[in-house]
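Participant: Just to be clear, the model below is a prediction. Sequence and coordinates:
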Amino acid sequence: MRLLIVFFSVIFCLILSPNALSITKEQRHHEKSLTELAKEICSSELIIGKNVKTKVLANGKIEVSFFGKKGGAIDGTFVYDKTEWEGRQRVLQTHQLEANKIHTDCMKEERRILRKNYTPPKDILAKRLDAKDFERRPMTYETALKECDTYGGVKPAKVPNRDNKGLWNLSLLKTATISDSSTIAGYPSRHTAIRGIDGWYNNCRSWIPATNEKESLSIDFGQSVSIYYIKFGSENQPTFNDRSINNWSVFIDNGHGYKLVKSQNNTQIHRTRKIQFNKKLEAKKLKLMIHGGKKGVSRIDELEVYGDI
């Protein structure tokens, strides 16, 4: 019964939160810890010296620390007004039996008060990603269009900075940088590495290496990120129908060197395709290696990496 109460309490709070999809793992841990603490407070007796310690501050407020089973993963302190703390103790004495019909209400109210009065021991609530943390390169459609020809009538098209589940396109982080193994000759300002993560689809805004041997496009995110899936293709909107990607491999580096996480041969990827990983990947860098293209050297229209921090 207790587990069901905690489960639905967490779900309720996530539904109410407009940024639930973009909270960090530290924030999720923080919210879970507060919920567990509220459950313990509402389910059993508070004993001064055994599972709770109080201290009267100079301003008359009460500093409260929970420890032992009740403290759980909460390392910080809670500061209450004197009357609020004394009032909580009187109320909780009548609420601490789980069979009590108002036990759920007790948990909800206790969790609200814990959140209001909590002071973390350090800045565990890391900043959430926001649209201002991302950029297209260039920022405006007008500039992107000027740098392109429109052969075949296909103009630049915006790459999303977020998917429909709230995951961010980490390739467009302002902190992200890009490098490649080589660039096709004859196009000094086109088909360079930056075109692989510039936030614009279609041929003139794509990366093309010099050969069909093992060539790579590498992203340094400038920070640690969590990656759920990537997307890439030769042409998001097929026009030339050439330069498909036949063989590919994905590597990540979390600070200890690159390791292979997924690869496939004889795939014939042309239109943008989603590549899902078996689990969330923690990384600082990601490298896509391609070789053996069809109808010319392989092209990467855009390398999209979706996840959070």
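Facilitator: That came through, no problem. Numbering: from 1, shown residues only.
Participant: The residue nearest to Y228 when sequence neighbours are not counted sits in which helix or strand?
Facilitator: The spatial neighbour of Y228 that comes closest, neighbours along the chain excluded (CB to CB, 6 or more residues apart in numbering), is G307 at 5.0 Å. Any C-beta I mention is one placed from the backbone N, CA and C, and that applies to glycine too. Taking DSSP states H and E as the definition, G307 sits inside strand 304-308.
Participant: Contacts for that strand next, please.
Facilitator: By CB atoms under 8 Å, 6 or more residues apart in numbering, the residues outside strand 304-308 that reach it are 22, 24, 129, 159-160, 163, 167-171, 219, 225-232, 272, 280-281, 286.
Participant: Show me how far that strand is from its chain's centre.
Facilitator: Taking CA atoms, centre = their mean, to the nearest Å, the mean C-alpha location of strand 304-308 is offset from the chain mean by 7 Å.
Participant: gap between the residue nearest to Y228 and K82?
Facilitator: G307 sits 46 Å away from K82, taking CB to CB, to the nearest Å as the criterion.
Participant: swap in I208?
Facilitator: Distance of I208 to K82, given as CB to CB: 70 Å.
Participant: Ok, Y201 next?
Facilitator: In this view, Y201 and K82 are 62 Å apart by CB to CB.
Participant: Show me which of those two is the more surrounded one.
Facilitator: Relative neighbour count places Y201 above the other of Y201 and K82, with 22 against 13, counting by other CB atoms under 10 Å.
Participant: Next, the contact list for that one, please.
Facilitator: With contacts defined as CB under 8 Å, 6+ apart, Y201 is in contact with P156, A157, K158, V159, N236, Q237, T272, D301, E302.
Participant: Who does it form a beta bridge with?
Facilitator: Beta-bridge partners for Y201, by DSSP bridges, are A157.
Participant: And it, what's its pLDDT?
Facilitator: Y201 is assigned 95 on the pLDDT scale.
Participant: swap in the one 10 residues further on?
Facilitator: With respect to pLDDT, T211 scores 95.
Participant: ok, back up a step: for the contacts of Y201, which one is nearest V52?
Facilitator: Ranked by distance to V52 (CB to CB), the contacts of Y201 are led by V159 at 52.3 Å.
Participant: Any figure for the gap between that closest one and E215?
Facilitator: Computed as CB to CB, the V159 to E215 distance reads 21 Å.
Participant: next one: K231
Facilitator: Counting by CB to CB, the separation of K231 from E215 is 19 Å.
Participant: Likewise for K287?
Facilitator: The separation that K287 has from E215, given CB to CB, amounts to 11 Å.
Participant: where does this structure dip in pLDDT?
Facilitator: For the chain, the stretches flagged by pLDDT under 70 are 1-31, 42-47, 49-50, 67-75, 88-104, 119-127, 149-153.
Participant: If we use 50, what do you get?
Facilitator: With pLDDT under 50 as the threshold, the chain has low-confidence stretches at 1-22, 69-71, 97-98, 122-126.
Participant: what does the domain assignment say about it?
Facilitator: Here the chain is described, according to automatic domain parsing, as comprising the domains 2-119, 131-308.
Participant: so which of those domains is the most packed in?
Facilitator: Looking across those with neighbours counted as mean count of other CB atoms under 10 Å, the highest average goes to domain 131-308: a mean of 18.
Participant: Thank you kindly, that will do.
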